[in-house]
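Visitor: here is my input; please provide its structure:
(2 chains)
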Amino acid sequence: MAAINRDDVAHLARLAHIEMSAEELDRMAGELAVIVESVKSVSEAAGEDVPATSHPIPLTNVFREDVVGHTFTAEQALSGAPDAYEGRFKVPAILDEG
Amino acid sequence: MSDATLSFEEAMEKYDPVLGFEVHVELNTKTKMFSSAPNVFGDEPNTNVNEVDLGMPGVLPVVNRTAIESSIKIGLALNCKIAETCRFARKNYFYPDTPKNFQTSQYDEPIAYDGYLDIELSDGTMFRVEIERAHMEEDAGKLTHMGGATGRIQGADYSLVDYNRSGVPLVEIVTKPIEGAGSRAPELAKAYVAAVREIVKNLGVSDAKMERGNVRCDANVSLRPHGRERFGIRSETKNVNSLRAVEHAVHYEIRRHAAVLDSGEPVIQETRHWHEDTRSTTSGRPKSDADDYRYFPEPDLVPIVASREWVEELRATLPEPPAARRKRLQAHWGYSDLEFRDVVNAGVMDEIEETIAAGATATVARKWWMGEIVGRAKIADVDPGQLGVAPATIVELNTMVEDGKINNKMATEVLDGVLAGEGTPAEIVAKRGLAVVSDDGPLLEAIDAALAAQPGVADKIRGGKLQAIGAIVGGVMKATRGQADAGRVRELILERLGVEG
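Guide: Residues are numbered from 1 along each chain as shown, chains lettered A, B, ... in the order given. Below you'll find the model as predicted:
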C-alpha cells in the first residue's frame, strides 16, 4: 500500500473542496500516514488463506421491498449547499476548454 | 476543430473494425437502488431524493429486492450465468454527478456474466455478440452545463446538479470485443443496442426509452490492419442515445480512426463526445492509467446470494423472447417475410402491435406506419415511434376514412395537421373544413360545369369511351378542392350523361 504524503492530502483537499491551512495539511498528512501504516500491518497479518472481508457480520441478502418512502423537498435538499440556483446545486465548471 | 476522416469504403479496404459496447439500462423500479426515494423521470429537480441519495454522513444504503430480481432477469435473458454470490463495490472518483464521491457499483463480482445475444441483421444474417458481464450499479445525478457557447461541458462557466436520477438502479451490460463485423459494423451496432432495448422492454424491467436516457450506449471502436490479430487502440464514444446515433457514431469513428492511422499517428485512447448536430465526435478526456477508481468492497452492503431456486423461479417468469415474439406476430398478422422484415427494419413493429391493439386491422396498421409515418420520420430525421403519432390517432383517421367522412388524401393531410400539433383528427377536420362532399347538389353543379367546359370529352363518354371519364372526374375534384368522393362523382357523371357504367 502506497504511503500518503502532504501533496496527496493537498490534492484530495482540493478535489473535495475542503480548504486546509498549511498546518492542517501537515497534521493531516501525519495522521493519515499512521492510518495507512496500521492498515498495512493488517495486510501483513492476513495470509493468502484468509479471504477478504468486506463486512464483519456474515449476513447476506439484506433487502428492502420496492416501496416508496420519504423524500426531501428541494429546499431541504439544498439547505447545506454552498451555492444553488433554481432548485439545483450550483458547482464550479469541471472541464476547461478542451 | 473537426477531425480528418476517410471514406467508409476506403477505411474498410484498409482496416478491420473491432467493436465493444457498454449499454446502461435504467430499471423501472418504483424506488431507487439503495434508497426508498421514488424513481421517477421528469419531476422538479432535487425532490426525488433523501439522505441516502445525497450521500449525507452516516446514512446506510439498503438494496432494493426488485432491482436485484430485474438484474437477474436481464442476465438470464442475455443467456448469462448468474453469480451464486456477488458484492457491491465503491468506485471512487471526484465529480459532482455523485454527492458521495463514489458510485456504488460492482467490480470483480458482477451478478451476471458469460452470456451472448444472437443479433439478426437487416438481411436476415445472424451475428452472435458475446456478453462479458452485466453488473448492477446506481445512476448518477444530472449535470447541466451553463454558460460557454453551446451548453457543452467545454467552456461552461458553472454546472447545475439535479440528484433526482442519483441512485436510480442501473444494469450495465458489457460485451466482449466484437470481431468480424467488417463493413456491417455500424449496422450491427444499431441492431445490438436495439436488441438489448427490446429485451429489457419485453422483460418489463425498464421503460427502455432512449430519448429519456433509460437505455444509454457507450460505443468502443478500434481498427486494425486486415490480418492482424492484436487489437488497435480504442476510443470510447459516450452517451450515444438513439439507435440512429449508435450507427452513425460507429460509422464516424471508423472513418476517423482510419484517417489517424493513415497519417501514421497513433490513435489516442480517449473518451469521445457524440454530437448529433454535426454527426461527429470530439475529444473528451484522455483515458489512461490515471483512471484509478480505487475500487473496494462496499462495507455498508452485505453480499447478494442468488440461490439456484430463486434464479429458476425468476427464469420461470421470463416472457416470450423477442425473436420468438416476432415469429408469432408475423404469423398472426399474416405479413409476408419481406413485409415483416421491412416493418422490423423500419423499427415500427411495436408501434404496429399497439395500433392493432388500439383497434386497427394488421393491414391498416401496416399501411399507415409503412406508407405514411416511416417516410415522414425519415424526413424529420427521428425514429418513427418518436414522430408523435399515437396508435389511437391512426385508428381515428382510419375510421373516418371507412365511414366516408374523409378520403385518403384528406386523411394524410389531417395526419400532417396532427404532427404539426393542430389537435386531434376530429378537431383538424372541423377546423380545416375537411369533409367529403356527399351531398349530390354541389357535386352535380360541379359535374355540369366540368362537362360544359369539356364538351368533346362529354361526347366521347356518351359514345362509350368510358376511360375518358377521368378528365371530368379530375375537373370535379379540382373544383371541390379534393373534397368529393371520386366513386360517387363517377356514378353521377354517368347518370347525367345517361350512360350505363
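
Visitor: and residue B:481, which of the three is it?
Guide: Under DSSP: H, G, I helix; E, B strand; the rest coil, residue B:481 falls in the coil class.

Visitor: for residue 48, give me the pLDDT.
Guide: Defaulting to chain A. Looking at residue A:48, its pLDDT reads 82.

Visitor: wait, chain B
Guide: For residue B:48, pLDDT reads 97.

Visitor: any idea which helix or strand carries it?
Guide: Remark: residue B:48 resides in no helix or strand, with elements defined by DSSP states H and E.

Visitor: spatially nearest residue to it, not counting backbone neighbours?
Guide: The shortest distance from residue B:48 to any non-neighbouring residue, by C-beta to C-beta, 6 or more residues apart in numbering or on different chains, is to residue B:164 (4.3 Å). All C-beta atoms are positioned from the backbone trio N, CA, C, and that covers glycine.

Visitor: in contact with that neighbour, which residues?
Guide: B:40, B:43, B:45, B:46, B:47, B:48, B:49, B:141, B:142 (C-beta atoms under 8 Å, 6 or more residues apart in numbering or on different chains).

Visitor: show me the two of those that sit farthest apart.
Guide: B:40 and B:141 (14.6 Å; C-beta to C-beta).

Visitor: between these two, who's got more neighbours?
Guide: More neighbours surround residue B:141 than the other of residue B:40 and residue B:141, with 24 against 15 (other C-beta atoms under 10 Å in any protein chain shown).

Visitor: my guess is the more buried one meets residue B:159, correct?
Guide: No: using C-beta atoms under 8 Å, residue B:141 makes no contact with residue B:159, being 10.2 Å away.

Visitor: follow-up on the earlier one: which among the contacts of residue B:164 count as buried?
Guide: B:45, B:46, B:47, B:48, B:49, B:141, B:142 (16 or more other C-beta atoms under 10 Å in any protein chain shown).

Visitor: nearest to residue B:21 among those residues?
Guide: residue B:142 (22.4 Å).

Visitor: any weak-confidence spans in chain A?
Guide: A:1-2, A:94-98 (pLDDT under 70).

Visitor: got the residues of it near chain B?
Guide: A:15-16, A:52, A:54-55, A:57, A:59-74, A:77-78, A:85-98 (C-beta under 8 Å from any C-beta of the partner chain).

Visitor: which ones among those lie within helices?
Guide: Among the residues of chain A next to chain B, DSSP state H puts A:15, A:74, A:77, A:78 in helices.

Visitor: which one of the residues you listed sits in the busiest neighbourhood?
Guide: residue A:77 (27 neighbours).

Visitor: center of chain A - which residue?
Guide: Of all residues in chain A, the one closest to the mean position by C-alpha atoms, centre = their mean is residue A:16, 8.6 Å from it.

Visitor: using CSV, write out every CA atom in stretch B:42-52.
Guide: Taking Å, rounded to 0.1, in the frame of the first residue of the first chain, the C-alpha atoms of stretch B:42-52 are listed here in CSV:
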residue,chain,number,x,y,z
GLY,B,42,-39.1,14.5,-15.1
ASP,B,43,-40.1,15.7,-11.7
GLU,B,44,-39.0,19.0,-10.1
PRO,B,45,-35.2,18.9,-9.5
ASN,B,46,-33.9,17.6,-6.2
THR,B,47,-37.3,16.4,-5.0
ASN,B,48,-37.0,12.7,-5.5
VAL,B,49,-34.1,12.5,-3.1
ASN,B,50,-33.5,11.6,0.5
GLU,B,51,-30.4,11.5,2.8
VAL,B,52,-29.1,8.3,1.1
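
Visitor: quick revisit: common neighbours of residue B:141 and residue B:159, please.
Guide: Common contact partners of residue B:141 and residue B:159 (C-beta under 8 Å, 6+ apart): residue B:96.

Visitor: how many neighbours does residue B:428 have?
Guide: Neighbourhood size, residue B:428 [other C-beta under 10 Å]: 21.

Visitor: tell me the SS of residue B:309?
Guide: In three-state terms, and counting by three-state DSSP, residue B:309 is helix.

Visitor: and if you look at the one 3 residues further on?
Guide: Taking three-state DSSP as the rule, one finds residue B:312 in the helix state.

Visitor: ok, now how distant is it from residue B:318?
Guide: To residue B:318, residue B:312 is 11 Å away according to C-beta to C-beta, to the nearest Å.

Visitor: more neighbours: the two, which one.
Guide: Taking neighbours as other C-beta under 10 Å, residue B:312 and residue B:318 compare with residue B:318 leading, 13 against 10.

Visitor: was I right about the more buried one contacting residue B:77?
Guide: Yes: counting by C-beta under 8 Å, residue B:77 is a contact partner of residue B:318 at 6.3 Å.

Visitor: where is the longest strand in chain A?
Guide: Taking DSSP state E as the criterion, chain A has its longest strand at strand A:88-92.

Visitor: picking that back up, mutual contacts of residue B:318 and residue B:77, please.
Guide: Counting by C-beta under 8 Å, 6+ apart, the residues touching both residue B:318 and residue B:77 are residue B:203.

Visitor: contacts for the longest helix along chain A?
Guide: Secondary structure of chain A per DSSP H: the longest helix is helix A:22-45. Residues outside helix A:22-45 that contact it (C-beta under 8 Å, 6+ apart) are A:1, A:2, A:3, A:4, A:5, A:6, A:8, A:9, A:10, A:13, A:20.

Visitor: repeat that for stretch A:65-73.
Guide: By C-beta under 8 Å, 6+ apart, stretch A:65-73 touches B:29-31, B:35-38, B:46-51, B:54, B:64-67.

Visitor: show me what counts as buried in that stretch.
Guide: A:66, A:71, A:72.

Visitor: can you check stretch B:469-488 too?
Guide: B:469, B:471-473, B:475-477, B:479-480, B:483-486, B:488.

Visitor: then stretch B:423-434?
Guide: Neighbour count says stretch B:423-434 has B:424, B:425, B:428, B:429, B:434 buried, by 16+ other C-beta under 10 Å.

Visitor: neighbour-wise, give me the winner out of the contacts of helix A:22-45.
Guide: With neighbours taken as other C-beta under 10 Å, the top of the contacts of helix A:22-45 is residue A:9, carrying 22 neighbours.

Visitor: you'd agree it is in a helix?
Guide: Yes: under three-state DSSP, residue A:9 sits within a helix.

Visitor: what lines up beside the longest strand of chain A in the sheet?
Guide: In the sheet, strand A:88-92 lines up against strand A:84-85 (antiparallel), strand B:158-162 (antiparallel) (DSSP bridges).

Visitor: checking the residue nearest to residue B:48 next. Helix, strand or coil?
Guide: Quick answer, by three-state DSSP: residue B:164 is helix.

Visitor: quick one: contacts for the residue of the stretch 1-150 of chain B found nearest chain A?
Guide: Taking C-beta to the nearest C-beta as the measure, the stretch 1-150 of chain B has residue B:36 as its residue closest to chain A, at 2.9 Å. Contacts for residue B:36 (C-beta under 8 Å, 6+ apart) come out as A:64, A:67, A:68, A:69, A:70, B:50.

Visitor: measure it to residue B:422 for me?
Guide: Between residue B:36 and residue B:422 the computed distance is 43 Å (C-beta to C-beta).

Visitor: before we move on, back to that, now the strands paired with strand A:88-92 as JSON lines including distance to residue B:342 and mean neighbour count?
Guide: Formatted as JSON lines, the strands paired with strand A:88-92 follow (distance: least, C-beta to C-beta, whole Å; neighbours: other C-beta atoms under 10 Å in any protein chain shown):
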{"stretch": "strand A:84-85", "distance to residue B:342": "49", "mean neighbour count": "17"}
{"stretch": "strand B:158-162", "distance to residue B:342": "41", "mean neighbour count": "21"}
